[in-house]
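Novice: for reference, the sequence and a predicted model appear below.
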Amino acid sequence: MFVTSEASRGGLLVAVITGGRPLLSQRPTARMFEQLRAAGVADIVWVANERHAAELEPDGTEVVTYSDEWAYEFAASHWTHPGMQVEPGGFFGAFPGREAACREAERRGCWGVLQLDDNILHLSFARSNAGSQRVLREAGGATFFVDMMVALAQSSNARMVGCQLDSVPIPDFMIARRGFPYSLFIEKVGEGREEWFGPFEDDIMHALQYSDRPDGATTALITLLRYQKESTSRTGMRSTYNDSRAQMLQRLYPDRTRVIIKTHSNGLGGHRVFHQMPAGAIRNPLVLTDPALYGAMEETMLEWVRKWRAAEIVNNREKARKRLARLEKRLEA
């Protein structure tokens with residue numbers, strides 16, 4: 001049973017931003033397509049620069065391309081990195097693809113675009129473990145994600161609505177809060193939409209563009225909806241990442257970002273320079289515009305929290321029994 005209407009869900013374009021990952025095995029986000037269609041989201045496309053599109057292993061999903069010439073022109077007028085030059089046929093980053101996805105949604109008459117990175121491995125609820133994934137499967141998986149995200153987007157002043165990366169270890173038991181959407185989010189398109197800038201931290205900058213506008217727009221997260229991305233390869237944007245990403249962001253927004261050294265970035269890897277946004281970086285509060293729709297979403301989320309907690313109790317007891325059995329065997333030996 002859905003909280004949102006079929007027309008609301010069907011008014012989304014799902015755009016998977018891709019480039020530099022030609023094989024389907026490198027684009028695990030495709031596993032979500034069946035569940036997304038079950039939510040009534042019929043328009044699902046890969047979005048790629050034309051120079052990468054011919055390399056994509058086909059899966060029957062439409063590929064929307066943008067020209068390399070347009071990408072250069074857009075990147076050149078929306079470039080934020082002082083230490084890198086944008087060159088024709090060179091590196092542009094993902095942000096022209098994000099802009100192209102928004103424009104394609106607007107061309108099709110959609111109210112919003114669900115933007116996805118192409119390397120999302122799995123979704124989970126509250127925690128990233130087998131129990132939470134079983135509960136999420138019962139809830140509908142990506143179908144449930146879409147329903148809840150559409151509900152928040154259409155019941156609040158949030159221009160972007162996203163989910164929580166699994167690299168954040170402690171679940172935040174709030175239905176929704178202000179925050180930074182990253183690789184899985186809905187953005188409202190049409191009147192009032194901000195254009196994208198890059199090449200790095202484009203999602204963070206985009207949220208900051210909305211976060212203190214005089215019209216009160218903001219960006220939000222549903223933190224109990226979590227996702228994990230593939231994190232070991234050097235494909236896609238990762239091959240160009242370095243410490244200048246954090247420096248660029250801090251110079252652009254010195255009042256809302258700072259540069260730190262993390263011993264383990266997102267729980268992985270070694271020491272590196274990283275950015276950090278303090279509390280309050282998203283300045284405009286989250287405001288409800290449709291309390292009835294938000295209330296229905298809230299009740300549904302709470303229902304699944306109760307089911308998740310019951311499943312966690314069962315799982316923890318089973319773990320305790322197994323550990324006790326192993327201890328008894330060692331004592332007997």
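Specialist: Structure received.
Novice: quick one, helices of the stretch 151-300 of the chain?
Specialist: Ranges of helices in the stretch 151-300 of the chain, per DSSP state H, counting those that start in this stretch, are 202-211, 244-252, 291-332.
Novice: and the stretch 1-150 of the chain, by the same measure?
Specialist: Using DSSP H, counting those that start in this stretch, helices in the stretch 1-150 of the chain cover 6-10, 33-38, 50-53, 68-77, 95-107, 130-139, 142-154.
Novice: and the third one, what's buried?
Specialist: Judged by neighbour count using 16 or more other C-beta atoms under 10 Å, the buried positions of helix 50-53 are His52, Ala53. In short, each C-beta sits where N, CA and C put it, glycine included.
Novice: tell me what that helix is packed against?
Specialist: Counting contacts by 3 or more C-beta pairs under 8 Å, 6 or more residues apart in numbering; DSSP states H and E, helix 50-53 is packed against strand 62-66.
Novice: Lys307: which of the helices of the stretch 1-150 of the chain is closest?
Specialist: helix 130-139 (5.7 Å; C-beta to C-beta).
Novice: give me the contact list for that closest one.
Specialist: 122-126, 144, 226, 304, 307-308, 311-312, 314-315 (C-beta atoms under 8 Å, 6 or more residues apart in numbering).
Novice: hmm, try it at 6 Å
Specialist: Residues outside helix 130-139 that contact it (C-beta atoms under 6 Å, 6 or more residues apart in numbering): Leu123, Ser124, Phe125, Ala126, Trp304, Lys307, Trp308, Ala311, Glu312, Asn315.
Novice: list buried residues within these.
Specialist: Buried subset of the contacts of helix 130-139 (neighbour count, 16+ other C-beta under 10 Å): Leu123, Ser124, Phe125, Ala126, Trp304, Trp308, Ala311, Glu312.
Novice: so for stretch 291-311, mean pLDDT?
Specialist: Mean per-residue pLDDT for stretch 291-311: 95.
Novice: export it as PDB, just CAs?
Specialist: Extracted as PDB, the C-alpha positions of stretch 291-311 are listed here (Å, rounded to 0.1, in the frame of the first residue of the first chain):
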ATOM      1  CA  PRO A 291       0.800  17.900   7.000                       C
ATOM      2  CA  ALA A 292      -1.700  15.100   6.100                       C
ATOM      3  CA  LEU A 293       0.700  13.600   3.600                       C
ATOM      4  CA  TYR A 294       3.600  13.900   5.900                       C
ATOM      5  CA  GLY A 295       1.600  12.300   8.700                       C
ATOM      6  CA  ALA A 296       0.800   9.300   6.500                       C
ATOM      7  CA  MET A 297       4.500   9.000   5.700                       C
ATOM      8  CA  GLU A 298       5.500   9.300   9.300                       C
ATOM      9  CA  GLU A 299       3.000   6.600  10.400                       C
ATOM     10  CA  THR A 300       4.300   4.200   7.700                       C
ATOM     11  CA  MET A 301       7.900   4.800   8.700                       C
ATOM     12  CA  LEU A 302       7.100   4.200  12.400                       C
ATOM     13  CA  GLU A 303       5.300   1.000  11.500                       C
ATOM     14  CA  TRP A 304       8.400  -0.300   9.800                       C
ATOM     15  CA  VAL A 305      10.600   0.900  12.700                       C
ATOM     16  CA  ARG A 306       8.600  -1.300  15.000                       C
ATOM     17  CA  LYS A 307       9.000  -4.300  12.700                       C
ATOM     18  CA  TRP A 308      12.700  -3.600  12.400                       C
ATOM     19  CA  ARG A 309      13.100  -3.500  16.100                       C
ATOM     20  CA  ALA A 310      11.300  -6.800  16.600                       C
ATOM     21  CA  ALA A 311      13.500  -8.400  13.900                       C
END
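Novice: if we can go back for a sec, nearest to Glu69, out of the helices of the stretch 151-300 of the chain?
Specialist: Per C-beta to C-beta, nearest to Glu69 of the helices of the stretch 151-300 of the chain: helix 202-211, 20.3 Å.
Novice: span of stretch 163-175 from start to end?
Specialist: Stretch 163-175 has an end-to-end distance of 11 Å (C-alpha to C-alpha, to the nearest Å).
Novice: for stretch 53-62, buried residues please.
Specialist: Of all the residues in stretch 53-62, those buried under the rule 16+ other C-beta under 10 Å are Ala53, Leu56.
Novice: same question for it, mean pLDDT?
Specialist: 95.
Novice: hey, C-alpha coordinates of it in CSV?
Specialist: The C-alpha coordinates for stretch 53-62 follow below in CSV (Å, rounded to 0.1, in the frame of the first residue of the first chain):
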residue,chain,number,x,y,z
ALA,A,53,27.4,6.1,-24.4
ALA,A,54,28.6,3.9,-27.3
GLU,A,55,30.7,1.9,-24.7
LEU,A,56,27.8,1.1,-22.4
GLU,A,57,26.8,-2.6,-22.3
PRO,A,58,23.1,-2.5,-23.1
ASP,A,59,20.4,-3.8,-20.8
GLY,A,60,17.3,-2.6,-22.6
THR,A,61,17.0,0.6,-20.7
GLU,A,62,16.9,3.9,-22.6
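Novice: show me where pLDDT drops low in the stretch 151-300 of the chain?
Specialist: 168-171, 233-245, 259-276 (pLDDT under 70).
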